[in-house]
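Participant: Quick one, fold the following:
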Amino acid sequence: MPVKSYFNDHAAQYTSWRHDLHRQPELMYDLPETAAKIARWLREFGCDIVEEGIARSGVVGVIKGHDPDCGAVIGLRADMDALPITEASGLAFASQSDGKMHACGHDGHMAILLGAAQYLAQTRAFKGTVVVVFQPAEEGGGGGLQMCREGLMERFAIQEIYGLHNMPGIPAGHFAICEGPIMAACDEFDITISGNGGHAATPHLTIDPVIVAAQMIMALQTITSRNVNPHDQVVVSVCAVETDSTAHNVISEQVVLRGTVRSMSPQVRDFVEQQLGRVAISTAQAFGAQADVSYHRGYPVTFNHAAGTAHAIDAARAVSADVDPDVTPMMGAEDFSYMLEARPGAYIWLGNGDSAALHSPHYKFDDSILPYGAAWFSTLVEQRLPLD
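Facilitator: As a prediction, this is how the structure comes out:
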């Protein structure tokens with residue numbers, strides 16, 4: 001598979017950065033060591049501007065090519081935060097912070113974008129400006145949204161933006177992408193079912209919220225199977241059932257159901273939110289109980305724009321002989337979605353081989369894919385901002 005010799009020649013450097021970042025994982029917005037390293041390296045590369053403290057701990061580097069006043073500006077993004085997981089990889093450079101681990105490969109994403117930034121700052125073989133964005137709090141904190149709220153796109157005049165994520169299960173060095181939705185919107189719900197508790201020997205004197213909960217869990221599945229078009233992708237999952245009783249002979253007063261809804265279009269997302277409330281409340285009423293529904297919207301759909309997808313595919317094909325341009329979307333969520341709502345662009349997956357799954361304590365990032373990612377970002381810039 002063809003990769004520019006420059007990036008292969010610098011693979012050891014990328015691996016060194018990645019291992020350094022892996023040893024000291026930090027969470028959410030609290031990334032002082034990670035952000036300081038990123039900013040220092042970007043300055044060492046010769047970035048024209050390095051801004052820190054965007055969305056508390058985000059770092060942005062600006063690299064000016066030929067004719068930077070032409071107005072063409074492309075953004076490239078990597079996520080920075082780790083997960084609250086105790087590492088079990090057995091690696092020599094495993095996490096040195098108890099209960100924290102780069103179990104989603106964000107250390108690899110940072111090393112990839114650093115490699116691209118180093119190359120672009122050295123060569124300047126493009127017309128316009130490149131903005132490298134290192135984003136905090138992807139893992140549930142909405143750092144992408146916060147950076148947009150703080151004026152990332154306007155402040156740096158970004159016109160298009162692109163992101164990359166490693167993906168276990170796809171062969172190492174292979175790229176995969178699709179136009180339109182590539183990752184789902186993810187919402188959360190809490191349903192509190194209130195009944196009348198009592199003794200397990202006299203259930204007829206109670207309104208048993210556990211029975212109501214059991215009926216409700218099954219009824220909620222009809223949203224997907226009977227209310228939504230089978231061609232629309234939706235997952236409704238009840239992931240926790242909690243009662244206020246731990247005794248074997250006590251019927252509780254209350255049950256709480258917690259779960260997620262994942263969808264691939266704004267219209268279906270709106271419908272499912274409304275239908276979930278109707279099903280929960282009416283099911284409870286049928287048994288004489290009450291249901292209080294709290295619905296929390298999370299990350300929106302990650303939507304690849306048509307032109308951005310085509311550009312991402314062209315760059316991937318210049319880097320690797322193995323590119324899937326029509327991969328099946330997945331129901332996981334990603335807060336790069338906010339940046340793609342703010343500006344056109346695309347999000348691509350880079351195969352990580354047969355590693356453990358993302359968010360597993362056994363997950364291992366494959367260092368061999370670092371040159372592929374750095375080459376993809378760099379090639380994308382040179383193709384989108386060609387010299388006259």
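Participant: Could you use CA atoms for every contact and neighbour count after this?
Facilitator: Fine.
Participant: Quickly note the distance from the residue nearest to Glu273 when sequence neighbours are not counted to Ala280.
Facilitator: Spatial nearest neighbour of Glu273, chain neighbours left out: Tyr295 (7.3 Å); criterion: CA to CA, 6 or more residues apart in numbering. Tyr295 sits 12 Å away from Ala280, going by CA to CA, to the nearest Å.
Participant: out of the two, which sits in the busier spot?
Facilitator: Ala280 (24 against 19; other CA atoms under 10 Å).
Participant: Just say helix, strand or coil for that one.
Facilitator: helix (DSSP: H, G, I helix; E, B strand; the rest coil).
Participant: How much space separates it from Ala72?
Facilitator: Ala280 is 51 Å from Ala72, by CA to CA.
Participant: Equivalent analysis for Ile158, please.
Facilitator: For Ile158, the distance to Ala72 - CA to CA - is 8 Å.
Participant: Name the residue in these two with the higher neighbour count.
Facilitator: The neighbour count for Ile158 versus Ala72, taken as other CA under 10 Å, is higher for Ile158 (21 against 17).
Participant: Setting aside sequence neighbours, what's the nearest residue to that one?
Facilitator: Val73 (5.1 Å).
Participant: per-residue confidence for the nearest residue to Gln96 once chain neighbours are set aside?
Facilitator: Take Gln96 and drop its neighbours on the chain: the residue closest to it by CA to CA, 6+ apart is Arg23, 5.4 Å away. Predicted confidence (pLDDT) for Arg23: 97.
Participant: Got the domain ranges for this structure?
Facilitator: 5-182+301-384, 185-296 (automatic domain parsing).
Participant: Neighbours of Ala201, how many?
Facilitator: Neighbours of Ala201 using other CA under 10 Å come to 10.
Participant: Let's verify it: helix, strand, or coil?
Facilitator: coil.
Participant: if I look at it, how far off is Ile251?
Facilitator: Remark: distance between Ala201 and Ile251 (CA to CA) = 9 Å.
Participant: Please apply the same query to Thr123.
Facilitator: 71 Å.
Participant: Who has more neighbours out of these two?
Facilitator: Higher neighbour count among Thr123 and Ile251: Ile251, with 26 against 10, using other CA under 10 Å.
Participant: correct me, but that one touches Gly197?
Facilitator: Yes: Ile251 lies in contact with Gly197 (CA atoms under 8 Å); the separation is 4.9 Å.
Participant: who touches both of these two?
Facilitator: 206, 208 (CA atoms under 8 Å, 6 or more residues apart in numbering).
Participant: okay, which residue is most central for the chain?
Facilitator: In the chain, the centroid-proximal residue (CA atoms, centre = their mean) is Glu334; its distance is 2.6 Å.
Participant: That residue belongs to a helix?
Facilitator: No: secondary structure of Glu334 (three-state DSSP): coil, not part of a helix.
Participant: who's in contact with it?
Facilitator: 138, 183-184, 299-302.
Participant: distance of it from Gln275?
Facilitator: Taken as CA to CA, the span from Glu334 to Gln275 is 24 Å.
Participant: which residues touch the nearest residue to Leu120 once chain neighbours are set aside?
Facilitator: Excluding its sequence neighbours, the residue lying closest to Leu120 (CA to CA, 6+ apart) is Ser378, at 6.7 Å. For Ser378, the set of contacting residues under the criterion of CA under 8 Å, 6+ apart consists of 116-117, 119-120.
Participant: residue ranges with poor pLDDT in the protein?
Facilitator: 1-2 (pLDDT under 70).
Participant: If we use 50, what do you get?
Facilitator: Low-confidence segments of the chain, defined by pLDDT under 50: 1.
Participant: where do the helices sit along it?
Facilitator: Secondary structure of the chain (DSSP state H): helices at 5-9, 11-23, 32-45, 106-123, 143-149, 152-155, 209-222, 266-286, 306-319, 336-342, 370-384.
Participant: elements contacting the first one?
Facilitator: Okay, so that is helix 5-9. Packing partners of helix 5-9 (3 or more CA pairs under 8 Å, 6 or more residues apart in numbering; DSSP states H and E): helix 370-384.
Participant: List the buried residues in the helix it packs on.
Facilitator: By 16 or more other CA atoms under 10 Å, the buried positions in helix 370-384 come out as 370-382, 384.
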